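Visitor: Here is my input, please return the structure:
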Amino acid sequence: MYKSFSVAAVLILLLASAGCAELPPSGESGWSGLFSPSETQEIPPAGEPDPGYLTPATPYPTPTSSRTSPTLSQAPQASPTPEPYVIIYNRTTQFNATHTVEAFSFNLTAPPLLIEFKVEPEMVTRIIEAKSDYEKKQYKEYKQTFPSEDAWFKVTVRERGSGRIVAEDGFGKLYSADTRKQVFIGRHGDFLIELTGNKAKVHVVMRAGGV
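Guide: Model (predicted):
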């Protein structure tokens with residue numbers, strides 16, 4: 001008797017709860033969406049006037065499926081760089097006992113002035129006797145070749161009016177044994193350029209920023 005009463009009570013509770021839930025009207029899914037009904041707008045039907053925000057344009061061309069062979073292009077050939085300075089002197093001179101001085105005047109209006117020189121001094125060969133470090137360590141004669149002590153060269157640049165030395169360099173005597181050097185003048189002026197030397201063949205090139 002007690003079991004039948006319990007089953008009847010459960011059935012009454014199930015029916016009561018089922019009666020409280022109502023199904024949504026026909027055609028509605030029960031999803032209210034991201035916006036409330038006041039925020040949603042209807043899509044205008046076809047044939048409505050264009051609001052005019054977009055401008056008609058030509059579609060971007062799409063590449064065709066056909067493949068073309070690559071085209072090889074050659075890099076443009078670089079043209080030779082022109083000489084930035086004007087060569088005003090280019091000469092090789094043999095300086096000796098009878099020809100030791102050359103002088104030139106030049107009004108430098110477009111600095112700089114570059115004086116480059118390469119010296120070929122007169123060479124001297126001497127025979128010396130020295131003890132060998134090999135075999136029987138006997139004394140032998142050896143030849144030594146070196147620049148003559150009398151070979152030298154000097155470039156002197158002066159202000160032509162006052163004679164004041166602006167720049168000076170050379171080979172031998174008071175200067176180093178470097179055979180290639182450059183004298184640089186970086187200001188305007190009316191200059192006297194002196195080339196002096198002895199027992200040396202010298203190639204001199206002078207360049208200026210303009211003439």
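Visitor: for residue 176, phi and psi?
Guide: Per-residue torsions, residue 176: phi -70, psi 170 (degrees, to the nearest 10).
Visitor: Run a quick neighbour tally on it.
Guide: By other CB atoms under 10 Å, the residues close to residue 176 number 10. For the C-beta atoms, the positions are set from N, CA and C on the backbone; glycine is no exception.
Visitor: Who are the contact partners of residue 148?
Guide: 121-124, 199 (CB atoms under 8 Å, 6 or more residues apart in numbering).
Visitor: Any idea how many residues pack against residue 123?
Guide: Neighbours of residue 123 using other CB under 10 Å come to 11.
Visitor: separation between it and residue 178?
Guide: 16 Å (CB to CB, to the nearest Å).
Visitor: again with residue 202
Guide: 13 Å.
Visitor: if you count what's nearby, which of those two comes out ahead?
Guide: The residue with more neighbours, out of residue 202 and residue 178, is residue 202; 22 against 10, by other CB under 10 Å.
Visitor: Okay, now the unreliable bits of the protein?
Guide: Where the chain drops to pLDDT under 70, the residues are 1-76, 78-82, 132-137.
Visitor: who touches residue 150 in this structure?
Guide: 122, 198-199.
Visitor: re the thing from before, let's have the contacts of residue 148 in JSON lines, adding secondary structure and distance to residue 183.
Guide: Output for the contacts of residue 148, formatted as JSON lines (DSSP: H, G, I helix; E, B strand; the rest coil; distance: CB to CB, whole Å):
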{"residue": "121", "secondary structure": "strand", "distance to residue 183": "18"}
{"residue": "122", "secondary structure": "coil", "distance to residue 183": "23"}
{"residue": "123", "secondary structure": "strand", "distance to residue 183": "25"}
{"residue": "124", "secondary structure": "strand", "distance to residue 183": "27"}
{"residue": "199", "secondary structure": "coil", "distance to residue 183": "21"}
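Visitor: Derive a PyMOL selection command for the buried subset of those.
Guide: Only the buried entries of those go into this PyMOL selection, using 16 or more other CB atoms under 10 Å:
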select buried, resi 121+122+199
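Visitor: mind listing the strands for the protein?
Guide: In the chain, the segments counted as strands under DSSP state E are 86-95, 101-108, 110-121, 123-131, 139-147, 152-159, 165-171, 180-185, 189-198, 200-210.
Visitor: Which of these sits closest to residue 77?
Guide: For the strands of the chain, the distance to residue 77 is smallest for strand 86-95, at 25.5 Å, taking CB to CB.
Visitor: Go through the closest one and flag the buried ones.
Guide: 88, 93, 95.
Visitor: which one among the residues you listed gets closest to residue 208?
Guide: Nearest to residue 208, judged by CB to CB, of the buried residues of strand 86-95 is residue 88 at 5.4 Å.
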